[in-house]
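**Q** Compute the structure for the input listed below.
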Amino acid sequence: MTWTTSPITIGSGIRGSAERVVRDPGQHGPTRMSARGSEFVHGLELAEGFYRDAVQPIIRTRYPHLRHTAALIGGGSEVLGFDTEMSSDHRWGPRCQVFLSGPDHEALSRELWRDLSMDLPLSYRGFVLEKDRPGGVPDGTGGARG
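**A** Numbering: from 1, shown residues only. You can find the predicted model right below:
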């Protein structure tokens, strides 16, 4: 099977620095604090959990026979396993790329991107995710942003 070279990037739309959601019972909405100061999780471990806990269940439910693979690729110290707590102060958080075969990518990438955009949680392990797009170009079919 030949996999497309244009993955669907999911979760890379974290705004600014990595933030954790903290709910204060006395406030109406979530407040945010830096991921630093909380228990550090390496980016590869976070990406694996994000795929396993959030992305894969959506794909299995909506596309039970879809063959795909997922990875964490691109720029960033977490991709090589060199991330530290300091890494989490800039554009760092749960993300992964989903690869489909060429024909499946052509037939399903926009639909899959839309479904992930609608079904992914607002946050994962306390990291805020952008809900309007999981990543990639505006139509979600490739050109991954990191």
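**Q** can you dump the C-alpha coordinates of the longest helix seen in the chain into CSV?
**A** Longest helix in the chain, counting residues (DSSP state H): helix 102-119. Provided in CSV are the C-alpha atoms of helix 102-119 (Å, rounded to 0.1, in the frame of the first residue of the first chain):
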residue,chain,number,x,y,z
GLY,A,102,-3.7,7.7,-1.9
PRO,A,103,-7.2,6.7,-3.0
ASP,A,104,-8.6,7.0,0.5
HIS,A,105,-7.0,10.3,1.0
GLU,A,106,-8.5,11.6,-2.2
ALA,A,107,-11.9,10.2,-1.4
LEU,A,108,-12.2,10.8,2.4
SER,A,109,-9.7,13.3,3.7
ARG,A,110,-12.1,16.3,3.7
GLU,A,111,-14.8,14.3,5.3
LEU,A,112,-12.5,12.7,7.9
TRP,A,113,-11.0,16.2,8.7
ARG,A,114,-14.5,17.6,9.2
ASP,A,115,-15.5,14.7,11.4
LEU,A,116,-12.4,15.0,13.5
SER,A,117,-12.9,18.8,13.7
MET,A,118,-16.5,18.2,15.0
ASP,A,119,-15.8,15.3,17.3
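**Q** Which elements pack onto that helix?
**A** Applying 3 or more CB pairs under 8 Å, 6 or more residues apart in numbering; DSSP states H and E, one finds that helix 102-119 contacts strand 8-10, helix 56-62, strand 96-100. C-beta coordinates here come from the backbone N, C-alpha and C atoms, glycine included.
**Q** For burial, what's the neighbour tally of Val55?
**A** Val55 has 25 neighbouring residues, counting by other CB atoms under 10 Å.
**Q** from memory it sits against His68, does it?
**A** No. In this structure Val55 lies outside contact range of His68 using CB atoms under 8 Å: 9.7 Å.
**Q** Many thanks, I have nothing further to ask.
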